[in-house]
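K.L.:
Got a predicted structure here, sequence first:
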Amino acid sequence: MMSSKVSLAFFTLITLSLILPSRAQDNPQDYLDAHNAARAAVGVGPLTWDTTVQAYAQDYASQRASDCNLIHSGGPYGENLAGSSADLSGIDAVKMWVDEEAYYDYNSNSCATGQECGHYTQVVWGNSVRLGCAKVTCSAGGTFIGCTELGAGAIKLDSQLDSVPYHPVGSLPFLSSSIGLVGAVQDATSISADDFGRAHNEIRVQVGDVPISWNETLAAEARERATPRISEGLLSIDCV
(Lines give C-alpha, C1' and ligand atoms only; values in the text may rest on other atoms or scores of the structure.)
Protein backbone atom coordinates (compact mmCIF):
# COMPACT_ATOMS: atom_id res chain seq x y z
CA MET A 1 0.00 0.00 0.00
CA MET A 2 2.82 2.40 0.89
CA SER A 3 4.52 1.63 -2.43
CA SER A 4 1.27 2.37 -4.28
CA LYS A 5 0.91 5.74 -2.56
CA VAL A 6 4.48 6.67 -3.36
CA SER A 7 3.99 5.72 -7.01
CA LEU A 8 0.79 7.78 -7.20
CA ALA A 9 2.49 10.79 -5.63
CA PHE A 10 5.41 10.47 -8.06
CA PHE A 11 3.02 10.26 -11.01
CA THR A 12 1.16 13.35 -9.78
CA LEU A 13 4.39 15.32 -9.53
CA ILE A 14 5.40 14.30 -13.03
CA THR A 15 1.99 15.32 -14.38
CA LEU A 16 2.13 18.70 -12.68
CA SER A 17 5.65 19.29 -13.93
CA LEU A 18 4.37 18.85 -17.48
CA ILE A 19 1.31 21.07 -17.05
CA LEU A 20 2.55 23.94 -14.92
CA PRO A 21 5.42 25.11 -17.16
CA SER A 22 3.03 25.36 -20.10
CA ARG A 23 0.63 27.52 -18.10
CA ALA A 24 3.47 29.58 -16.71
CA GLN A 25 4.50 30.55 -20.24
CA ASP A 26 1.18 32.30 -20.80
CA ASN A 27 1.14 34.80 -17.94
CA PRO A 28 1.66 38.56 -18.43
CA GLN A 29 5.24 38.54 -17.17
CA ASP A 30 6.21 35.84 -19.66
CA TYR A 31 4.79 37.84 -22.57
CA LEU A 32 6.58 40.94 -21.29
CA ASP A 33 9.90 39.19 -20.75
CA ALA A 34 9.84 37.71 -24.26
CA HIS A 35 9.04 41.06 -25.87
CA ASN A 36 11.44 43.07 -23.74
CA ALA A 37 14.36 40.71 -24.33
CA ALA A 38 14.04 41.33 -28.07
CA ARG A 39 13.66 45.06 -27.52
CA ALA A 40 16.68 45.28 -25.23
CA ALA A 41 18.78 43.49 -27.86
CA VAL A 42 18.33 46.47 -30.19
CA GLY A 43 18.41 49.18 -27.53
CA VAL A 44 14.66 49.82 -27.34
CA GLY A 45 12.94 50.58 -24.04
CA PRO A 46 10.78 47.98 -22.27
CA LEU A 47 7.03 47.58 -22.50
CA THR A 48 4.73 47.48 -19.48
CA TRP A 49 1.58 45.40 -19.13
CA ASP A 50 -1.67 47.29 -19.63
CA THR A 51 -4.98 45.75 -18.57
CA THR A 52 -6.99 47.91 -20.98
CA VAL A 53 -4.87 46.83 -23.93
CA GLN A 54 -5.04 43.22 -22.68
CA ALA A 55 -8.84 43.44 -22.51
CA TYR A 56 -8.89 44.56 -26.15
CA ALA A 57 -6.67 41.61 -27.12
CA GLN A 58 -8.84 39.22 -25.10
CA ASP A 59 -12.07 40.48 -26.61
CA TYR A 60 -10.80 40.02 -30.15
CA ALA A 61 -9.25 36.62 -29.40
CA SER A 62 -12.61 35.48 -28.01
CA GLN A 63 -14.29 36.61 -31.22
CA ARG A 64 -11.83 34.53 -33.25
CA ALA A 65 -12.22 31.39 -31.11
CA SER A 66 -14.93 30.01 -33.40
CA ASP A 67 -12.64 29.85 -36.45
CA CYS A 68 -9.19 30.97 -35.22
CA ASN A 69 -8.39 32.53 -38.57
CA LEU A 70 -5.37 34.84 -38.35
CA ILE A 71 -7.27 37.94 -39.40
CA HIS A 72 -6.28 41.28 -37.88
CA SER A 73 -8.86 43.16 -35.84
CA GLY A 74 -8.40 46.35 -37.87
CA GLY A 75 -8.38 48.37 -34.66
CA PRO A 76 -6.20 51.32 -33.66
CA TYR A 77 -3.49 49.29 -31.92
CA GLY A 78 -0.39 47.54 -33.22
CA GLU A 79 -1.13 43.83 -33.35
CA ASN A 80 0.61 40.48 -33.81
CA LEU A 81 -1.25 37.19 -34.20
CA ALA A 82 -0.17 33.56 -34.03
CA GLY A 83 -1.96 30.24 -34.28
CA SER A 84 -1.38 26.53 -34.07
CA SER A 85 -3.36 23.35 -34.63
CA ALA A 86 -2.05 22.19 -31.23
CA ASP A 87 -1.32 24.02 -27.99
CA LEU A 88 0.99 27.01 -28.39
CA SER A 89 2.52 28.90 -25.49
CA GLY A 90 2.75 32.66 -25.39
CA ILE A 91 6.53 32.49 -25.25
CA ASP A 92 6.65 30.29 -28.36
CA ALA A 93 4.36 32.70 -30.20
CA VAL A 94 6.62 35.65 -29.40
CA LYS A 95 9.65 33.59 -30.42
CA MET A 96 8.12 32.99 -33.86
CA TRP A 97 7.66 36.73 -34.30
CA VAL A 98 11.13 37.60 -33.06
CA ASP A 99 12.74 34.95 -35.28
CA GLU A 100 11.70 37.08 -38.26
CA GLU A 101 14.59 39.40 -37.37
CA ALA A 102 16.69 37.23 -39.68
CA TYR A 103 14.72 38.66 -42.61
CA TYR A 104 14.80 42.32 -41.54
CA ASP A 105 17.26 44.77 -43.12
CA TYR A 106 17.89 47.63 -40.70
CA ASN A 107 19.55 49.81 -43.33
CA SER A 108 16.57 49.82 -45.68
CA ASN A 109 13.89 49.24 -43.02
CA SER A 110 12.44 46.46 -45.14
CA CYS A 111 12.05 42.70 -45.29
CA ALA A 112 14.14 40.39 -47.44
CA THR A 113 12.48 39.64 -50.76
CA GLY A 114 9.73 37.08 -50.34
CA GLN A 115 10.05 37.01 -46.54
CA GLU A 116 7.92 38.27 -43.67
CA CYS A 117 9.41 40.45 -40.94
CA GLY A 118 6.54 42.73 -39.92
CA HIS A 119 5.81 40.76 -36.76
CA TYR A 120 9.38 41.30 -35.58
CA THR A 121 9.30 45.03 -36.26
CA GLN A 122 6.03 45.24 -34.35
CA VAL A 123 7.68 43.62 -31.32
CA VAL A 124 10.57 46.10 -31.33
CA TRP A 125 8.69 49.21 -32.48
CA GLY A 126 10.39 52.05 -30.60
CA ASN A 127 7.29 54.09 -29.73
CA SER A 128 5.37 51.21 -28.16
CA VAL A 129 5.18 51.37 -24.38
CA ARG A 130 2.21 49.22 -23.38
CA LEU A 131 1.40 45.57 -24.08
CA GLY A 132 -1.56 43.26 -23.68
CA CYS A 133 -1.85 39.66 -24.90
CA ALA A 134 -4.51 36.97 -24.91
CA LYS A 135 -4.75 33.28 -25.72
CA VAL A 136 -7.82 31.19 -26.52
CA THR A 137 -8.44 27.57 -27.41
CA CYS A 138 -10.16 27.26 -30.78
CA SER A 139 -13.57 25.63 -30.99
CA ALA A 140 -12.17 22.94 -33.30
CA GLY A 141 -8.98 22.61 -31.28
CA GLY A 142 -5.75 24.49 -31.61
CA THR A 143 -4.67 27.87 -30.28
CA PHE A 144 -5.08 31.53 -31.16
CA ILE A 145 -2.78 34.15 -29.60
CA GLY A 146 -2.88 37.89 -30.06
CA CYS A 147 -0.57 40.56 -28.64
CA THR A 148 -1.52 44.21 -28.87
CA GLU A 149 0.78 47.21 -28.42
CA LEU A 150 0.01 50.86 -27.78
CA GLY A 151 2.40 53.76 -28.29
CA ALA A 152 3.52 56.39 -25.83
CA GLY A 153 0.80 58.40 -24.15
CA ALA A 154 -1.66 57.94 -21.33
CA ILE A 155 -5.24 58.76 -20.42
CA LYS A 156 -6.04 60.26 -17.03
CA LEU A 157 -8.95 58.81 -15.09
CA ASP A 158 -10.97 61.92 -15.91
CA SER A 159 -10.50 61.03 -19.62
CA GLN A 160 -8.42 64.13 -20.31
CA LEU A 161 -5.40 63.62 -22.52
CA ASP A 162 -2.23 63.41 -20.45
CA SER A 163 0.36 62.91 -23.17
CA VAL A 164 0.49 61.73 -26.75
CA PRO A 165 3.03 59.88 -28.88
CA TYR A 166 5.78 61.72 -30.72
CA HIS A 167 6.66 60.17 -34.07
CA PRO A 168 9.66 61.86 -35.72
CA VAL A 169 10.08 61.31 -39.44
CA GLY A 170 11.64 57.93 -40.13
CA SER A 171 10.71 56.45 -36.75
CA LEU A 172 7.31 55.10 -37.70
CA PRO A 173 6.92 51.32 -37.62
CA PHE A 174 6.96 48.79 -40.41
CA LEU A 175 3.39 47.55 -40.00
CA SER A 176 1.93 44.10 -40.23
CA SER A 177 -1.65 45.38 -40.09
CA SER A 178 -3.40 48.07 -42.06
CA ILE A 179 -4.87 51.32 -40.74
CA GLY A 180 -5.45 54.31 -42.96
CA LEU A 181 -5.91 58.05 -42.66
CA VAL A 182 -7.00 61.08 -44.60
CA GLY A 183 -3.78 62.58 -45.90
CA ALA A 184 -0.62 62.09 -47.92
CA VAL A 185 3.12 62.55 -47.75
CA GLN A 186 5.74 63.53 -50.29
CA ASP A 187 9.26 63.06 -48.98
CA ALA A 188 12.35 60.93 -49.41
CA THR A 189 11.43 58.48 -46.67
CA SER A 190 8.27 57.31 -48.51
CA ILE A 191 6.34 56.79 -45.30
CA SER A 192 3.22 54.78 -46.07
CA ALA A 193 -0.41 55.53 -45.36
CA ASP A 194 -0.37 52.69 -42.84
CA ASP A 195 2.47 54.37 -40.97
CA PHE A 196 0.62 57.65 -40.72
CA GLY A 197 -2.58 55.82 -39.84
CA ARG A 198 -0.96 54.23 -36.82
CA ALA A 199 0.40 57.55 -35.59
CA HIS A 200 -2.92 59.36 -36.01
CA ASN A 201 -5.21 56.64 -34.73
CA GLU A 202 -3.19 55.88 -31.61
CA ILE A 203 -3.78 59.47 -30.55
CA ARG A 204 -7.46 59.40 -31.56
CA VAL A 205 -8.20 56.26 -29.57
CA GLN A 206 -6.75 57.89 -26.46
CA VAL A 207 -9.44 60.56 -26.56
CA GLY A 208 -12.22 58.13 -27.47
CA ASP A 209 -12.44 59.13 -31.13
CA VAL A 210 -13.02 56.74 -34.03
CA PRO A 211 -10.19 55.76 -36.41
CA ILE A 212 -9.79 57.70 -39.66
CA SER A 213 -9.36 56.01 -43.03
CA TRP A 214 -7.56 56.78 -46.27
CA ASN A 215 -9.35 58.93 -48.86
CA GLU A 216 -7.70 59.14 -52.27
CA THR A 217 -9.39 62.43 -53.24
CA LEU A 218 -8.08 64.15 -50.14
CA ALA A 219 -4.72 62.44 -50.64
CA ALA A 220 -4.44 64.05 -54.07
CA GLU A 221 -5.21 67.45 -52.54
CA ALA A 222 -2.53 66.91 -49.89
CA ARG A 223 0.02 65.92 -52.53
CA GLU A 224 -0.77 69.04 -54.53
CA ARG A 225 -0.15 71.21 -51.49
CA ALA A 226 3.02 69.37 -50.47
CA THR A 227 4.73 69.17 -53.87
CA PRO A 228 5.75 72.86 -54.15
CA ARG A 229 7.53 72.63 -50.82
CA ILE A 230 9.48 69.59 -51.99
CA SER A 231 10.69 71.48 -55.06
CA GLU A 232 12.02 74.16 -52.71
CA GLY A 233 14.15 71.57 -51.00
CA LEU A 234 11.99 71.54 -47.86
CA LEU A 235 10.51 68.50 -46.17
CA SER A 236 6.75 68.69 -46.47
CA ILE A 237 4.19 66.50 -44.77
CA ASP A 238 0.59 67.47 -45.39
CA CYS A 239 -2.49 65.72 -44.03
CA VAL A 240 -5.99 66.87 -44.95
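P.N.:
It's in.

K.L.:
so where is the chain shaky, pLDDT-wise?
P.N.:
Within the chain, the segments meeting pLDDT under 70 span 1-25, 152-213, 217-219, 221-240.

K.L.:
which stretches of it form helices?
P.N.:
2-24, 28-41, 51-64, 90-98, 118-123, 193-206, 216-231 (DSSP state H).

K.L.:
end-to-end on stretch 42-60?
P.N.:
Counting by C-alpha to C-alpha, to the nearest Å, you get 30 Å between the two ends of stretch 42-60.

K.L.:
If you could redo that for stretch 37-47, that was the one I meant.
P.N.:
Stretch 37-47 stretches 10 Å from its first residue to its last (C-alpha to C-alpha).

K.L.:
And for that stretch, what's in contact with it?
P.N.:
Stretch 37-47 has contacts (C-beta atoms under 8 Å, 6 or more residues apart in numbering) with 32, 35-36, 94, 98, 101, 120, 123-126, 128-131, 149. From N, CA and C alone the C-beta is placed, and that goes for glycine too.

K.L.:
7 Å - rerun?
P.N.:
The contact list for stretch 37-47 (C-beta atoms under 7 Å, 6 or more residues apart in numbering) reads 32, 35, 36, 98, 123, 124, 126, 128, 129, 130, 131, 149.

K.L.:
tell me the contacts of the nearest residue to residue 116 once chain neighbours are set aside?
P.N.:
Leaving aside its chain neighbours, residue 116 sits nearest to residue 100 (6.0 Å; criterion: C-beta to C-beta, 6 or more residues apart in numbering). The neighbours of residue 100, taking C-beta under 7 Å, 6+ apart as the test, are 116, 117, 119, 120.

K.L.:
Residue 49: which of those is nearest?
P.N.:
Taking C-beta to C-beta as the measure, residue 49 lies nearest residue 119 of these, at 19.5 Å.

K.L.:
Mind putting the contacts of residue 100 into CSV with neighbour count and distance to residue 137?
P.N.:
Output for those, formatted as CSV (neighbours: other C-beta atoms under 10 Å; distance: C-beta to C-beta, whole Å):
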residue, neighbour count, distance to residue 137
116, 13, 25
117, 20, 29
119, 21, 22
120, 24, 26
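
K.L.:
Between all of the residues you listed, which two are separated the most?
P.N.:
116 and 120 (8.7 Å).

K.L.:
Next, count neighbours for the residue nearest to residue 137 when sequence neighbours are not counted.
P.N.:
Nearest non-adjacent residue to residue 137, counting by C-beta to C-beta, 6+ apart: residue 143, 6.3 Å away. Per other C-beta atoms under 10 Å, the neighbour tally for residue 143 reads 22.

K.L.:
and the gap between residue 143 and residue 88?
P.N.:
Per C-beta to C-beta, to the nearest Å, residue 143 is found 4 Å from residue 88.

K.L.:
just residue 136 next, same as before
P.N.:
From residue 136 over to residue 88 the distance is 11 Å, taken as C-beta to C-beta.

K.L.:
With residue 82 instead?
P.N.:
Using C-beta to C-beta, we find residue 82 at a distance of 7 Å from residue 88.

K.L.:
shared neighbours of these two, anything?
P.N.:
Common neighbours of residue 82 and residue 88, using C-beta under 7 Å, 6+ apart, are residue 145.

K.L.:
nearest spatial neighbour of residue 77, skipping sequence neighbours?
P.N.:
Leaving out its chain neighbours, the residue that sits closest to residue 77 by C-beta to C-beta, 6+ apart is residue 148, at 4.5 Å.
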